[in-house]
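[1] Model the structure of this input:
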Amino acid sequence: MSWIVLCLVSALFLGFYDLSKKQAVTANAVIPVLFVGTLFMAGAWLPQILICAVGKGELLPASLRVSALSPAQHGLLAAKSALVGLSWIASYFALKRLPLSVATPIRATGPLWTLMGALVLLGERPTAWQWGGIGVTLFFFALFSLAGRQEGIRFHRNAWVGLMVLATLLGAASSLYDKYLLGIHRFSPATVQAWFSVYTTFILAVPALLWRRGILRATQFRWCWSIPMIAATLLLADYAYFSALTHHDALVAVASTLRRGSVLISFCLGYAMFREVNFRPKALCLTGILTGILIILLSGRLERGSSADGRPHPMGNNPREQAAKVPAAHKTGQP
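    You can find the predicted model right below:
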């Protein structure tokens, strides 16, 4: 199967992942939904962890082998789990209260904040094309806030919008941390996914226990099949994506763009399933946001095209800097 098809498969499952989350948290308790969904994810990786722990890793495909880690390395993955756990808690609570057609475009701005974080924390310098993508994204995000006002959602006052923005910023921080884990420490994707799922389960067990004792209980929990679907769709989306990246001819920027197409699935199907309103203005703003993200993700190829035409690269497009960078697209647990 070609890497482009695998990326489209990943985007498809990510779209259904968003729909499963929305369906699961609607009129339901957020904390147990999140905990049980993560528990299913950890359970799916537990056999691979045990098989590799007893020295039988050769029985598994290379993409599913979990490496042995030192205590310090386990600590690094536990820190990632804490970061993503906070992001998930914020996003699940926001998703329960916001229309899916509002929540998913906010999450779609994740690569923008990852780029801004790299600018501030890693000293990376955006190219002219990247600055253009930032401007386009911010412009349509501002228009999107005006579209939300038609439903009584004022972005600068709404607490649930603030939670979704916080979740997106934490997700961007996790993406930068992924660059550290995958690029500097050379963790394999399977190792990060497996132990991340396990540690996130333990972290989320704390609020789940508080909910069980009635401290955080505001809504009763009800079982629904969309809860295990959260775990299944995310696992399949990540596996398809990382399988695509193992192809020697895979282009990371293009793969990231195709994967970002998941928001179109969740946006359109969410409108149909949950009978959300103001589809056209939201769709226009979402198209603009995705255009800005597309420019950011494809900026490297655009700059190379400019160079081939004889025009010099903008400052910050140093080949050594480019080689040292690890693509932000290698995200784990952050669709």
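[2] what stretches of the stretch 101-250 of the chain score poorly on pLDDT?
    111, 122-124, 126, 145-153, 242, 245-246, 248, 250 (pLDDT under 70).
[3] which residues in it form helices?
    For the stretch 101-250 of the chain, the helices defined by DSSP state H, counting those that start in this stretch occupy 110-121, 128-149, 159-179, 189-212, 226-245.
[4] And for the spatially closest residue to Phe13 that is not a sequence neighbour, the neighbour number?
    Spatial nearest neighbour of Phe13, chain neighbours left out: Ala237 (3.8 Å); criterion: CB to CB, 6 or more residues apart in numbering. Heads up, the C-betas are built off the backbone N, CA and C, glycines and all. Using other CB atoms under 10 Å, Ala237 has 22 neighbouring residues.
[5] what's near enough to touch Ala237?
    Ser10, Ala11, Leu12, Phe13, Leu14, Tyr17, Ser262, Pro335 (CB atoms under 8 Å, 6 or more residues apart in numbering).
[6] ok, now Gln73?
    Gln73 sits in contact with His185, Phe187, where contact means CB under 8 Å, 6+ apart.
[7] Which of the three states applies to it?
    Classification of Gln73 using DSSP: H, G, I helix; E, B strand; the rest coil returns helix.
[8] Would you mind checking the average pLDDT for stretch 92-99?
    The average pLDDT within stretch 92-99 is 88.
[9] And it, how far out from the chain middle?
    16 Å (CA atoms, centre = their mean, to the nearest Å).
[10] one step back: need the max-distance pair from the contacts of Ala237.
    Within the contacts of Ala237, two members stand farthest from each other by CB to CB: Leu12 and Pro335, at 11.6 Å.
[11] Show me which of the two is the more surrounded one.
    The neighbour count for Leu12 versus Pro335, taken as other CB under 10 Å, is higher for Pro335 (25 against 17).
[12] separation between Glu58 and Ser174?
    31 Å (CB to CB, to the nearest Å).
[13] Same drill for these two, tell me which one is more crowded.
    Shown here are Glu58 and Ser174; by other CB under 10 Å, Ser174 has more neighbours (23 against 9).
[14] And that one, how far from His74?
    17 Å.
[15] Met229 too?
    For Met229 relative to His74 (CB to CB), the value is 29 Å.
[16] And for Gln23?
    Gln23 is 34 Å from His74, by CB to CB.
[17] Those two: who's more crowded?
    Gln23 (20 against 13).
[18] who's in contact with the nearest residue to the more buried one once chain neighbours are set aside?
    Excluding its sequence neighbours, the residue lying closest to Gln23 (CB to CB, 6+ apart) is Ser226, at 4.2 Å. Contacts of Ser226 were listed using CB under 8 Å, 6+ apart, and they are Ser20, Lys21, Gln23, Ala24.
[19] and with 7 Å instead?
    Shown in contact with Ser226 (CB atoms under 7 Å, 6 or more residues apart in numbering): Ser20, Gln23, Ala24.
[20] So which of those residues are in helices?
    Ser20, Gln23, Ala24 (DSSP state H).
[21] What is the nearest of these to Ser101?
    Distances from those to Ser101 were compared by CB to CB; the smallest belongs to Gln23, at 14.6 Å.
[22] separation between that closest one and Thr219?
    15 Å.
[23] Next: Leu236.
    29 Å.
[24] ok, these two, which is more surrounded?
    Leu236 (18 against 15).
[25] neighbours of the closest residue to that one other than its chain neighbours, just the number please.
    Leaving aside its chain neighbours, Leu236 sits nearest to Phe13 (4.6 Å; criterion: CB to CB, 6+ apart). Phe13 has 24 neighbouring residues, counting by other CB under 10 Å.
[26] ok, now Ser2?
    11.
[27] I'd like the numbering to begin with 21 instead of 1 from here.
    That works, and once the first residue is 21, the last one we named lands at Ser22.
[28] which one of the helices of the stretch 121-270 of the chain lies closest to Ala49?
    helix 209-232 (6.7 Å).
[29] Work out the gap between the closest one and the centre of the chain.
    17 Å.
[30] Also stretch 213-233?
    19 Å.
[31] Roughly how far does Val74 sit from Trp180?
    Applying CB to CB to Val74 and Trp180 gives a distance of 46 Å.
[32] Of these two, give the one with the bigger neighbour count.
    Counted by other CB under 10 Å, Val74 and Trp180 do not tie: Trp180 has more neighbours, with 17 against 7.
[33] pretty sure that one is touching Lys116, no?
    No: the pair Trp180 and Lys116 fails to qualify as a contact (CB atoms under 7 Å) at a distance of 8.1 Å.
[34] mean confidence score for the helix or strand hosting Leu28?
    Assigned by DSSP states H and E, Leu28 belongs to helix 23-45. With pLDDT averaged residue by residue, helix 23-45 scores 87.
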